[in-house]
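> need a structure here:
(chains A, B, C and D)
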There are 2 protein chains.
Amino acid sequence: MTTVLLVEDDPAARQGLELALSRLGYGVRAAATGEAALDGLDEGPVDVVVLDVMLPGVDGFEVCRRLRRVSNVPVIMLTARGDDFDIVAGLEAGADDYVVKPVEPRVLDARIRAVLRRLARAGSPAETWGDLVIDRESLIVRRARQPVPLTPTELRLLLVLSGSPRQVFSRDQLLDLVWEQGYLGDSRLVDACVQRLRAKIETDTSEPRYIQTVRGFGYRFGPV
Amino acid sequence: MTTVLLVEDDPAARQGLELALSRLGYGVRAAATGEAALDGLDEGPVDVVVLDVMLPGVDGFEVCRRLRRVSNVPVIMLTARGDDFDIVAGLEAGADDYVVKPVEPRVLDARIRAVLRRLARAGSPAETWGDLVIDRESLIVRRARQPVPLTPTELRLLLVLSGSPRQVFSRDQLLDLVWEQGYLGDSRLVDACVQRLRAKIETDTSEPRYIQTVRGFGYRFGPV
DNA sequence: GGCGCTTGTGACCCGGTTGTGACAGTCGGC
DNA sequence: GCCGACTGTCACAACCGGGTCACAAGCGCC
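Now for the predicted structure:
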């Protein structure tokens, strides 16, 4: 579910938007002031911030700037109708998009999805296998959005296997590809490493979802 | 929408990839031969070219070279599995990346995004990472608004790392990029320099926020 | 030439990683 | 069901990789 942090001081407008966004399937967290908004970020992951420009105390631009210092979360500003100055100032403060008030839920929904889409495209080039995400550039592996700490050998093994999904690798092949070429040792080593890797990325090691054993041949990565 | 020019002579593979890429939200233009590919470029803007190495007539390398004469469009080569020669030849011909066949759409998608992202990084001169600001024009680095005095080597190292955030660099890569190319020395040198840089920009060197160690692989700049 | 900063190198320490062997469990064929 | 082959699991000690430090050569600057 996409979580929206909604920052709007006017109670009527806030509750209206909250309801509308919920109906559209978003999770909504609301804040009435800039300070509350910055706190709201700490209370859990937020996918997008919808931020009113006119706020009592710290205004929307300043909230956006402060927010930018600690996070790259996309920000959509709500500005008074046709106020060019607001729009320019908002984008300079680091906002990703803006919507003029009064806000039409359908429009806001479209903008949110557009911003998220833009971000997803530009985001890190990771491969997604179910809830397992492998980013070959940063070498970060995540399961259910949580980074999985892998040791170098485990990581190399996973990269080799996932690089050719569904292909069966024999133990000897894996020794060549993951360990030094011409490694002379027990091929049981592969089993041990697979086991350690499974322990980290599988929910149920007796029913592996990612790394399957092909009895008599070796191992294979990929959904069945 | 990102438009891909797909060059593949095998009809089955071509149609499969065409479908898969469309589903992933790409616009696809397909060509079966090198000649058709070069024509395809004229028919409208192309964001990335996916190019099979084995083509009847003009082969993929030659297509890539010719293409490079008229365009800077990124090229991803499709090569036979594990064929090192292909990979080297492809990169020499001006390819940006390569993917081994059979192609997994998810992998190709990730590579396309990686190539495009690499290209899009020519951004604003000043980058902000939390409370670290790197101004590539004035070469001034600030932390918490305070200028950080960096030595030339430290600065080069930081610029290289932060220039490709999240990308993992091996020690050898860094020796090439930060020091003279063909530097022959202890790769522990990189460690020492990273340590000095960390001492200046990190608050807690045991929990680095900016420069992460990727055990067994190298270093990476950026948030986890 | 003297000075101080920068940079490359070696040494040492520490903790995590990993290869290994043993044993238990599982699967498939007969 | 029995047996052998194969695989999963575990514990442990050697090892390796990286952090850290000190030091000296190199370098520019005055």
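> Going by C-alpha atoms from here, please, whenever you check contacts or count neighbours.
Will do.
> Contact partners for the residue nearest in space to the middle of chain A?
Central residue of chain A (C-alpha atoms, centre = their mean): residue A:145, 6.3 Å from the mean position. Under the criterion of C-alpha atoms under 8 Å, 6 or more residues apart in numbering or on different chains, the contact list for residue A:145 reads A:131, A:133.
> ok, it to DNA strand D distance?
Per C-alpha to the nearest atom of the strand, to the nearest Å, residue A:145 is found 23 Å from DNA strand D.
> For DNA strand C, see how far away that residue is.
Relative to DNA strand C, and taking C-alpha to the nearest atom of the strand, residue A:145 is found at 20 Å.
> In terms of pLDDT, where does that residue sit?
Reading off the confidence values, residue A:145 has pLDDT 79.
> where does chain A come near DNA strand D, residue by residue?
Near DNA strand D, the residues belonging to chain A are A:188, A:191-192, A:194-195, A:199, A:205-206, A:213-218 when assessed by C-alpha under 7 Å from any atom of the strand.
> Return only those of these found close to DNA strand C.
Subset of those in contact with DNA strand C: A:188, A:192, counting by C-alpha under 7 Å from any atom of the strand.
> Just give me the closest of the residues of chain A next to DNA strand D to chain B.
Minimum distance to chain B across the residues of chain A next to DNA strand D is 18.0 Å, recorded for residue A:194 (C-alpha to the nearest C-alpha).
> Residue in chain A with the shortest distance to DNA strand C?
Nearest to DNA strand C in chain A, going by C-alpha to the nearest atom of the strand, is residue A:153, at a distance of 3.5 Å.
> residues in contact with that residue?
A:178, A:179, A:193.
> if I read this right, the last one contacts residue A:154, doesn't it?
Same thing as residue A:193. Yes - under the contact definition of C-alpha atoms under 8 Å, residue A:193 touches residue A:154, with a separation of 6.5 Å.
> worst-scoring helix or strand of chain A, pLDDT-wise?
Across the helices and strands of chain A, mean confidence by mean pLDDT, DSSP states H and E is lowest for helix A:84-92: a mean of 64.
> And the following helix or strand past that one, what does it pack against?
Moving toward the C-terminus from helix A:84-92, the first helix or strand encountered (DSSP states H and E) is strand A:97-100. For strand A:97-100, the packing partners by 3 or more C-alpha pairs under 8 Å, 6 or more residues apart in numbering or on different chains; DSSP states H and E come out as strand A:75-79, helix A:84-92, helix A:105-122.
> Remind me what the first one packs against, helices and strands.
Contact partners of strand A:75-79 among helices and strands, from 3+ C-alpha pairs under 8 Å, 6+ apart: strand A:48-52, helix A:84-92, strand A:97-100.
> before we move on, back to that, going by distance to residue B:13, which of the contacts of residue A:153 wins?
Within the contacts of residue A:153, the smallest distance to residue B:13 is 29.2 Å, found for residue A:178 (C-alpha to C-alpha).
> Mind pulling up the pLDDT for that closest one?
Looking at residue A:178, its pLDDT reads 89.
> Excluding chain neighbours, what is closest to residue A:200?
Closest residue in space to residue A:200, ignoring its immediate chain neighbours: residue A:148 at 7.0 Å, by C-alpha to C-alpha, 6 or more residues apart in numbering or on different chains.
> That neighbour: neighbouring residues, count only.
Here the count is done by other C-alpha atoms under 10 Å in any protein chain shown, and residue A:148 has 15 residues near it.
> okay but it is in contact with residue A:199, surely?
No - with the criterion set as C-alpha under 8 Å, residue A:148 and residue A:199 do not qualify as a contacting pair; they are 10.8 Å apart.
> For chain A, give me the ranges with low pLDDT.
Judged against pLDDT under 70, the low-scoring parts of chain A cover residues A:42, A:44, A:69-72, A:81-94, A:117-124, A:181-182, A:184-187, A:224.
> Could I get the full set of helices for chain A?
Along chain A, counting by DSSP state H, helices occupy A:11-23, A:34-42, A:60-70, A:84-92, A:105-122, A:152-163, A:171-178, A:188-201.
> Pull out the buried positions in the shortest one.
In other words, helix A:171-178. Along helix A:171-178, the positions that meet the burial threshold by neighbour count (16 or more other C-alpha atoms under 10 Å in any protein chain shown) are A:171, A:172, A:174, A:175, A:177, A:178.
> Export those as a markdown table, with columns for distance to DNA strand C.
Output for the buried residues of helix A:171-178, formatted as a markdown table (distance: C-alpha to the nearest atom of the strand, whole Å):
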| residue | distance to DNA strand C |
| --- | --- |
| A:171 | 12 |
| A:172 | 12 |
| A:174 | 11 |
| A:175 | 9 |
| A:177 | 12 |
| A:178 | 9 |
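> just curious, which of these is nearest to chain B?
When the buried residues of helix A:171-178 are ranked by distance to chain B (C-alpha to the nearest C-alpha), residue A:177 comes first, at 10.6 Å.
> so the closest one makes contact with residue A:160?
Yes - look at residue A:177 against residue A:160 with C-alpha under 8 Å: they come within range, at 7.2 Å.
> on that earlier part again, which one of residue A:193 and residue A:154 has more residues nearby?
Regarding residue A:193 and residue A:154, a neighbour count based on other C-alpha under 10 Å identifies residue A:154 as having more, with 19 against 14.
> residues contacting the more buried one?
A:193, A:194, A:196, A:197.
> Which of those residues sits closest to residue B:164?
Ranking these by separation from residue B:164, with C-alpha to C-alpha as the measure, puts residue A:197 on top at 28.3 Å.
> so what's the closest one up against?
Contacts here follow C-alpha under 8 Å, 6+ apart; on that basis residue A:197 touches A:150, A:154, A:158.
> Give me every residue in chain A lying close to DNA strand C.
A:150, A:151, A:152, A:153, A:154, A:179, A:185, A:186, A:188, A:189, A:192, A:193.
> go again using 10 Å as the cut-off
By C-alpha under 10 Å from any atom of the strand, the residues of chain A that approach DNA strand C are A:149-157, A:175, A:178-180, A:183-193, A:195-197, A:206-207, A:213-216.
> For ChimeraX, write the select line for the buried members of those residues.
This is the ChimeraX syntax for the buried subset of the residues of chain A next to DNA strand C, where burial follows 16+ other C-alpha under 10 Å:
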select /A:150,153,154,155,156,157,175,178,179,190,197,213
